[in-house]
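> 3D, please:
(one chain, ligands or ions: 1)
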Amino acid sequence: MTKREFLRFCGTSFCTLSAISLFGLPESVRAQRPTKGLVKTKLSPYFTPLDGGEIRCELCPRRCRVPRGKRGFCRVRENRDGKYYSLVYGNPCAIHLDPIEKKPFFHVLPSTTSFSLATAGCNFQCKFCQNWEISQASPEDVYSHDVPPDLVVRKAKEMGARSVAYTYVEPTIFYEYMLDIGSLVKKAGLLNVCHSNGFINPEPLRNLCKVMDAANIDLKGFTEQFYRELCDGELNPVLETLKTLKKEKVHLEITNLMIPTKNDDMPVLKEMCLWLKKELGPDTPIHFSRFYPLYKLKSLPPTPVSTLERARAVALSAGLEYVYIGNVPGHEGENTFCPKCKKMIIQRSGYMVGEVHVKGGKCAFCGKPISGIWP
Ligand code: SF4
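Residues are numbered from 1 along each chain as shown. Model (predicted):
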């Protein structure tokens, strides 16, 4: 396929996929009126009762201590009479059929669609959040649907999705819903994939790994200061999550949103890439994604493309084999190159996929195994 043919193909396919996204809501769900304030509860398996009816949530490293009648930091878990409940079980506020490349996964069943969902809430408060309208909301603040786990799986199959994605906000906060969907997804022969901030405790994570096939983890920066000041989070638990996912053989990709003046220091970036290579392996794909000003960081400019290109060069020289540039449609850094023979083996533009030269999980030109989940 010539470059011109590919770009024409991308234009046509993009229109098609946009339409799928617009009409992506399952018909039986679309027939419902989204309800504001829908709250469906499920008892959390991860909390410790404390004195006086207080509880400690054990789901994420924040370990909120929550008095009777109150909620944790993520807004979607409540202490009711000394027991801790999820308030978002089965009521997603976002449902779309997305290209898997949008998650982003570049090494998982290219060119397929993923049935993607989220509820309200998050256990971080990133100043640069793209989805803050739902991530920083309580269940009562958003319009959501009544979609039990079996309906998610049925509709995902009917719509031809090859995977179900837990995404848009931090999926840990709708853990019980994700886990129940995940078990049914496995039985149905689809994949479970998630895009996560990695801020989850080891025990629930290991349990989740039993059903999760692939995870894209945001490594938002590589200093505690960045996590503290821009996310109200911590770096170290995220690094532990990455090591656990690797150990549990979940396919891993990393996303680093590069924010001008905040996390674009090249020596720190090099340190991060060397850590990734040592702890996760050189074949772990990483996506350097372009920042656009929004939410609480509107005063910053978009990331210069030259910064993303420098980051890519640093990561490649540190020994990472699959280094991508995101949010710059048409950039050469969207394509996959074989680390051995250097030929382009997957051609992309935005979320569109052109030629694929991966056969049986190997480079079709030289036979090198390519990390990922392939058809
Ligand atoms: S999941 Fe929510 S309630 Fe539980 S510790 Fe994390 S932020 Fe707190």
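> mind listing what Asn207 touches?
Leu179 (C-beta atoms under 8 Å, 6 or more residues apart in numbering). Glycine gets a C-beta too; all of them are placed from N, C-alpha and C.
> neighbours of the residue in the stretch 51-200 of the chain that the ligand sits nearest to, just the number please.
Minimum separation of the stretch 51-200 of the chain from the ligand (C-beta to the nearest ligand atom) falls at Gly72, amounting to 2.2 Å. Using other C-beta atoms under 10 Å, Gly72 has 25 neighbouring residues.
> Pull the contacting residues for it.
Here Gly72 is in contact with Cys57, Arg62, Cys64, Val66, Glu78 (C-beta under 8 Å, 6+ apart).
> and it, backbone torsions?
The phi/psi pair for Gly72 (degrees, to the nearest 10) reads phi -80, psi 180.
> Distance-wise, check it relative to Ile173.
In this structure, Gly72 and Ile173 are 9 Å apart, going by C-beta to C-beta, to the nearest Å.
> One more: Val305?
To Ile173, Val305 is 34 Å away according to C-beta to C-beta.
> From the neighbour counts alone, determine which of the two ranks first.
Set side by side, Val305 and Ile173 show more neighbours around Ile173, with 29 against 14, by other C-beta under 10 Å.
> which strands and helices sit next to the lengthiest strand in the chain?
Secondary structure of the chain read by DSSP state E shows that its longest strand is strand 251-258. Where contact means 3 or more C-beta pairs under 8 Å, 6 or more residues apart in numbering; DSSP states H and E, strand 251-258 is packed against strand 214-218, helix 236-247, helix 266-280, strand 286-290, helix 305-317.
> repeat that with 6 Å
strand 214-218, strand 286-290 (3 or more C-beta pairs under 6 Å, 6 or more residues apart in numbering; DSSP states H and E).
> Pairing partners for the last one, with directions?
Each strand that strand 286-290 pairs with, and the sense of that pairing, follows from DSSP bridges: strand 251-258 (parallel), strand 323-326 (parallel).
> Now render those strands as JSON lines, adding mean neighbour count and distance to the ligand.
Converted to JSON lines, those look like this (neighbours: other C-beta atoms under 10 Å; distance: least, C-beta to the nearest ligand atom, whole Å):
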{"stretch": "strand 251-258", "mean neighbour count": "22", "distance to the ligand": "21"}
{"stretch": "strand 323-326", "mean neighbour count": "22", "distance to the ligand": "27"}
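> Adding mean pLDDT, write those strands out as JSON lines.
JSON lines is the format used below for the strands paired with strand 286-290 (pLDDT from 0 to 100):
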{"stretch": "strand 251-258", "mean pLDDT": "98"}
{"stretch": "strand 323-326", "mean pLDDT": "98"}
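> List just the one of those that sits closest to Val147.
With C-beta to C-beta as the measure, strand 251-258 is the member of the strands paired with strand 286-290 nearest Val147 (26.1 Å).
> okay, that closest one in CSV with CA atoms only?
Output of strand 251-258 as CSV, limited to C-alpha atoms (Å, rounded to 0.1, in the frame of the first residue of the first chain):
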residue,chain,number,x,y,z
HIS,A,251,0.8,-8.0,28.7
LEU,A,252,2.0,-4.5,29.6
GLU,A,253,2.3,-1.2,27.8
ILE,A,254,3.3,2.1,29.4
THR,A,255,1.9,5.6,28.7
ASN,A,256,3.8,8.7,29.7
LEU,A,257,1.9,12.0,29.1
MET,A,258,4.7,14.6,28.6
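> relative to helix 236-247, how tilted is that strand?
150 degrees (axes from the mean of the first three to the mean of the last three C-alpha atoms, to 10 degrees).
> Please state the offset of stretch 367-375 from the chain centre?
Its chain's C-alpha centre and that of stretch 367-375 lie 21 Å apart, by C-alpha atoms, centre = their mean, to the nearest Å.
> How about residues contacting that stretch?
Contacts to stretch 367-375, defined as C-beta atoms under 6 Å, 6 or more residues apart in numbering, come from residues His107, Val108, His251, Asp283, Cys338, Lys340, Val358, Gly361, Lys362, Cys363.
> Tell me which two in those residues are the farthest apart.
Longest span within those, C-beta to C-beta: Val108 and Lys340, 21.0 Å.
> What parts of the chain come near the ligand?
Contact residues (C-beta under 6 Å from any ligand atom) of the chain with the ligand: Cys57, Leu59, Cys60, Arg62, Arg63, Cys64, Gly72, Phe73, Cys74, Arg77, Asn123, Ile173.
> are any of these buried, and which?
Applying 16 or more other C-beta atoms under 10 Å to these, the neighbour count classes Cys57, Leu59, Cys60, Arg62, Cys64, Gly72, Phe73, Cys74, Arg77, Asn123, Ile173 as buried.
> For the first one, list each beta-bridge partner.
To tie it back to what came earlier, the one meant is Cys57. Judged by DSSP bridges, the bridge partners of Cys57 are Phe47.
> How about the contacts made by it?
Residues counted as contacts of Cys57 (C-beta under 6 Å, 6+ apart) are Phe47, Cys64, Gly72.
> Just the ones of the residues of the chain next to the ligand in strands?
Cys57, Arg77.
> So what touches stretch 220-230?
Identification of contacts with stretch 220-230 by C-beta under 6 Å, 6+ apart yields Lys127, Gly233, Glu234, Leu235, Asn263, Val268, Met272.
> ok, the residue nearest to Asn131 when sequence neighbours are not counted - how many residues close by?
Leaving aside its sequence neighbours, Asn131 sits nearest to Tyr168 (C-beta to C-beta, 6 or more residues apart in numbering; 5.0 Å). If you count neighbours by other C-beta under 10 Å, Tyr168 ends up with 22.
> again, but for Gly198
A total of 26 residues lie near Gly198 under the criterion other C-beta under 10 Å.
> How about Cys122?
Using other C-beta under 10 Å, Cys122 has 28 neighbouring residues.
> Leaving out sequence neighbours, find the closest residue to it.
Ser135 (3.9 Å).
> quick one: that neighbour and Cys129 touch, right?
Yes. With contact defined as C-beta atoms under 6 Å, Ser135 reaches Cys129; the gap is 5.4 Å.
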